[in-house]
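Asker: Sequence and predicted structure, then a few things I'm wondering about:
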Amino acid sequence: MSNPAIRVRFAPSPTGYLHVGGGRTALFNWLYVKKYGGTFILRIEDTDKERSTDDNTKSILEGLKWLGLDWDEGPFLQSDGVERHKKIAAELLASGKAYRSFATAADLEAQRKQADSEKRPWQRDVPSRALSKEESDARAAQGDPFTVRFLVPAGEGATVFEDGVYGTQERKHKDTEDFALLRPDGSPLYNFVVVCDDIEMTISHVIRGQDHLSNTHKQILIYEALGKKPPEFAHLPLINAPDRSKLSKRKHGEVVSVTTYRDKGFIPEAFRNFLALIGWSSGTDKEFFTTAELIEAFSLSGVSRGNAIVNFSESDPRQWTDRKALHLNAEHMNKMPLEQLLPMAEAELKSAGLWDESWAAGGNRREWFGKTVDLLRPRFITLKDFSGAGRAFFDTTFDIDPGAVDKNVDKDPGVRAWLVELASRFKGVATFTKESAEGELRKLAEELNIKAGLLINGARTVCTGVSVGPPLFDLLESLGQDIVVERLSKAESFGRR
RNA sequence: GACCCCGUAGUGCAGCGGUUAGCACGUCGCCCUUUCAAGGCGAAGAUCGAGGGUUCGAAUCCCUCCGGGGUUACCA
């Protein structure tokens, strides 16, 4: 599956954790390589030293690892190439493709204000541009600070490229400003560095967010100035918050961070599935994709152009993130091979402090563990449910839902006593199975001349604390005779406040 | 403001000149279950942003406007 001609990269800047948009970009790059072969490179764009932190870098790597998006080369630190970047800038300067802009911050402000009053955009530092090479060199030699700006060609020319998603993109040189390459302190700026590094790494396809669509023209100008052939570009639509604004941790909280999904019990494959569905479609009605199916179906031509919204509600915990993501997670959890789910359920129980070694692979209760997880998973949404809603199956203590008690236990004043009686009946059962449990329960209901439902619902709540869950008799069998008897025998005091 | 991108149910997508405008999530209802947030079935929900063209015929092509987004930094 190797294809030396294809080299893609994911290049996040560590000015924040990995957010869903970044995760989606990484996923698409990864899918591209998995589909067509090639090399996936990870590069950390830490040129802004003020805002970049090691913690952010760590969390980005963590997020990618959790997502299962493994890279072939890197992570490379963009800042390691600074000397190389400076050298290239010097070449550009020497060849007249760039110029020293001696305008101070105040000068620039004045120029911009002037441009504004003339109702035209500021585009170049005209006075500095007009300097002869000798004058410029002399001022530099005498220590005048300057930024290095790209000298956008004059005339009617334009940059043109074919975007893999947005089609032909054209921009006239006169609409492109002389953007800065180097700061006065000599440190390189983004639009310049990406190009240097993409050339250095012989990147063939740049797949990234649409916020770079306009920047691409500037970058192409640099490729041209350097005499290099630009890579293929493909831009992805942006992902916004319900208010259509950019997703930001400050404004929207943890929903935006990839690691949140890990911490909230998402399954990587399900999250990949969800991410893929934002801004992409296979062209069919299929929406549930295993990752292998995703790779198979993936194509840039399926990428849409409109920005999407992750639909979540801060006020509704049931909708802390997009319901579709939640739904997909539940579906994956339910459909994936049990052997793959078990280690995840195990990890969840461990982190909740509920793990029992006898349930481990090879342990004498492994089979029970597998059956119980299988019994529980159809109505679970995230891995968290194993330690939350399903806690009664794995621990001696569990939360009691007062609503369930009202509804199923105190519905009839006789229920508590009947359940205690049921406990003693169950205790006498030689082989406790769902069949024998059901037989005993129905027999008791008949003797008592009450509806079996009263016992069924009451037993469910007393044994698990809630009013929903797997079919009762399956549940009883899973819990086992001892626990069921013990819990039912305490029905009198159950949930009393 | 300038340049660029986008605009189909609440949300994510399909549709690419002729469809009763599909699918999924969500919502609602019914069935199953003497449980359910599971499963089954079904319903509501879109004047395809608006207005003009072109065409026998337009969500699909063209123009204008409006709305949203991006870029316009010595951020990335």
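Answerer: All right, it came through fine. Residues are numbered from 1 along each chain as shown, chains lettered A, B, ... in the order given.
Asker: Near RNA strand B, which residues of the stretch 101-250 of chain A are found?
Answerer: A:103-105, A:108, A:112, A:119, A:121-122, A:147, A:166-167, A:169, A:171, A:175, A:177, A:179-180, A:183-185, A:189-191, A:210-215, A:237-238, A:240, A:242, A:244-246 (Cβ under 7 Å from any atom of the strand). Bear in mind the C-beta positions are built from the backbone N, C-alpha and C, glycine included.
Asker: Which members of those are positioned in helices?
Answerer: A:105, A:108, A:112, A:190-191, A:215 (DSSP state H).
Asker: Show me which residues of the stretch 251-400 of chain A sit near RNA strand B.
Answerer: Contact residues (Cβ under 7 Å from any atom of the strand) of the stretch 251-400 of chain A with RNA strand B: A:277-281, A:283, A:285, A:287, A:302, A:304-311, A:318, A:322-324, A:326-327, A:334, A:378-379, A:381, A:389.
Asker: Can you tell me which of the residues of the stretch 101-250 of chain A next to RNA strand B are buried?
Answerer: Neighbour counting by 16 or more other Cβ atoms under 10 Å classes A:103, A:122, A:147, A:166, A:169, A:171, A:179-180, A:184, A:189-191, A:210, A:212-213, A:237-238, A:240, A:246 among these as buried.
Asker: what mean pLDDT does stretch A:355-373 have?
Answerer: In this model, stretch A:355-373 has an average pLDDT of 95.
Asker: circling back: in strands only, show me the residues of the stretch 251-400 of chain A next to RNA strand B.
Answerer: Among those, DSSP state E puts A:308-309 in strands.
Asker: Buried ones among the residues of the stretch 251-400 of chain A next to RNA strand B?
Answerer: Those of those that meet the buried threshold are A:277-280, A:308-310, A:322, A:326, A:381, A:389, by 16+ other Cβ under 10 Å.
Asker: Lowest-confidence entry in these?
Answerer: residue A:389 (91).
Asker: Contact partners for that one?
Answerer: A:380, A:466, A:469 (Cβ atoms under 8 Å, 6 or more residues apart in numbering).
Asker: one more time with 10 Å, if that's ok
Answerer: A:376, A:379-382, A:398-399, A:401, A:464-466, A:468-469 (Cβ atoms under 10 Å, 6 or more residues apart in numbering).
Asker: ditto for residue A:277
Answerer: Per Cβ under 10 Å, 6+ apart, neighbours of residue A:277: A:24, A:287-289, A:294, A:308, A:322, A:324-325, A:328.
Asker: Look through chain A and tell me its longest helix.
Answerer: Longest helix in chain A, counting by DSSP H: helix A:20-36.
Asker: Next one: that one, is it in contact with RNA strand B?
Answerer: No - on the criterion Cβ under 7 Å from any atom of the strand, helix A:20-36 is out of touch with RNA strand B, staying 9.7 Å away.
Asker: Without its sequence neighbours, what residue ends up closest to residue A:56?
Answerer: residue A:14 (3.8 Å; Cβ to Cβ, 6 or more residues apart in numbering).
Asker: following the helix or strand hosting residue A:64, which helix or strand shows up next?
Answerer: Taking DSSP states H and E as the criterion, residue A:64 maps to helix A:54-67. For helix A:54-67, the following helix or strand on the C-terminal side (DSSP H and E) is strand A:73-77.
Asker: Only C-alpha atoms, please: export that following strand in CSV.
Answerer: Extracted as CSV, the C-alpha positions of strand A:73-77 are listed here (Å, rounded to 0.1, in the frame of the first residue of the first chain):
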residue,chain,number,x,y,z
GLU,A,73,7.1,10.5,10.3
GLY,A,74,7.5,13.1,13.0
PRO,A,75,6.4,14.8,15.1
PHE,A,76,8.7,17.4,13.7
LEU,A,77,9.0,20.8,15.4
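Asker: Please list the outside residues in contact with it.
Answerer: A:7, A:9-12, A:14, A:39-47, A:52, A:57, A:60-61, A:64, A:197, A:200-201.
Asker: Below-threshold pLDDT in chain A: ranges please.
Answerer: A:1, A:497 (pLDDT under 70).
Asker: if we can go back for a sec, what subset of the contacts of residue A:389 is buried?
Answerer: Members of the contacts of residue A:389 classed as buried by 16+ other Cβ under 10 Å are A:376, A:380-382, A:398, A:401, A:464-466, A:469.
Asker: need the contact list for residue A:292.
Answerer: A:34, A:269.
Asker: those helices in the stretch 201-350 of chain A, which residues are they?
Answerer: Ranges of helices in the stretch 201-350 of chain A, per DSSP state H, counting those that start in this stretch, are A:215-226, A:249-252, A:258-263, A:268-277, A:291-297, A:323-335, A:338-351.
Asker: Pick the most deeply packed of these.
Answerer: helix A:268-277 (a mean of 23; mean count of other Cβ atoms under 10 Å).
Asker: Could you check the angle it makes with helix A:323-335?
Answerer: Calculated by axes from the mean of the first three to the mean of the last three Cα atoms, to 10 degrees, helix A:268-277 forms an angle of 140 degrees with helix A:323-335.
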